[in-house]
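Student: no sequence for this one, just the structure:
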């Protein structure tokens, strides 16, 4: 199974970091969040990636072109113009990097990589800025069992603020970041049949608009409920929360 990762957006809500590099290249624990997402998939047997580039896409190309330099000890023999890489650490990945345009919408990016997807085979699709402790193997099996065109991971985000526990007007306690209002939202991890790409008319179409709405209307979009950890990196605050989890050794998405 292949995984298509969106990595071309501007990341304006985390501009403190993204003005110099694409949002998926913002680091958690010294590694780009894109790397964390790929490690999540790889832990469940998905090692063939198609990455949709846009804004500052050359930064991502250079990262993978120099992957050994990022991951290994290196000796530079300046006198003899030679480089020696020590203890090479290679992931079992095949990575296809596709320039899908700076202003292309999410659906348009998916349409632009259609030629790299095998006909008739389901594939994974996600954004390049969110992590979860998602049981992807169970999600794949769920998608295969229901037989519809698309599976979306449904999540219930926690409330942002703590709440008061009240008895009438009296405050009797506090609850730190309680669950949200019970609504389920798009968690950003999809399993799709390739036919869904035909619903995308061009570069200007977001995946979340007509394609998803049409699939839902026709009963072809099924929700896979995820009750565990899920966290997007939309803001600097989110980035700092993920960094704190990683540094504490309690990163829930680390399944490798």
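Tutor: Yep, it's here. What you are looking at is a predicted structure, and each value in this text was computed from that prediction instead of being measured.
Student: what bridges to residue 175?
Tutor: residue 163 (DSSP bridges).
Student: how about it, what does it touch?
Tutor: Contacts for residue 175 (CB atoms under 8 Å, 6 or more residues apart in numbering) come out as 162, 163, 164, 165. In this view, the C-beta of every residue, glycine as well, is placed from N, C-alpha and C.
Student: Could you export those as CSV, including pLDDT, distance to residue 70 and neighbour count?
Tutor: Shown next, in CSV, are these (pLDDT from 0 to 100; distance: CB to CB, whole Å; neighbours: other CB atoms under 10 Å):
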residue, pLDDT, distance to residue 70, neighbour count
162, 70, 39, 11
163, 70, 43, 12
164, 76, 47, 10
165, 79, 48, 12
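Student: Pick out whichever of those sits closest to residue 93.
Tutor: Nearest to residue 93 out of these is residue 162 (CB to CB; 40.7 Å).
Student: and residue 203, how many neighbours does it have?
Tutor: Residue 203 has 15 neighbours, counted by other CB atoms under 10 Å.
Student: Would you confirm that it belongs to a helix?
Tutor: No - read with DSSP: H, G, I helix; E, B strand; the rest coil, residue 203 is coil and lies in no helix.
Student: which non-adjacent residue is nearest it?
Tutor: residue 108 (3.6 Å; CB to CB, 6 or more residues apart in numbering).
Student: Checking that neighbour next. Helix, strand or coil?
Tutor: helix.
Student: which residues of the stretch 151-256 of the chain fall in helices?
Tutor: Assigned by DSSP state H, counting those that start in this stretch, the stretch 151-256 of the chain shows helices spanning 210-217, 236-247.
Student: same deal with the stretch 1-150 of the chain?
Tutor: Using DSSP H, counting those that start in this stretch, helices in the stretch 1-150 of the chain cover 15-18, 33-42, 57-65, 67-71, 106-112, 136-146.
Student: Adding mean pLDDT, write those helices out as JSON lines.
Tutor: Shown next, in JSON lines, are those (pLDDT from 0 to 100):
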{"stretch": "helix 15-18", "mean pLDDT": "65"}
{"stretch": "helix 33-42", "mean pLDDT": "97"}
{"stretch": "helix 57-65", "mean pLDDT": "95"}
{"stretch": "helix 67-71", "mean pLDDT": "81"}
{"stretch": "helix 106-112", "mean pLDDT": "97"}
{"stretch": "helix 136-146", "mean pLDDT": "96"}
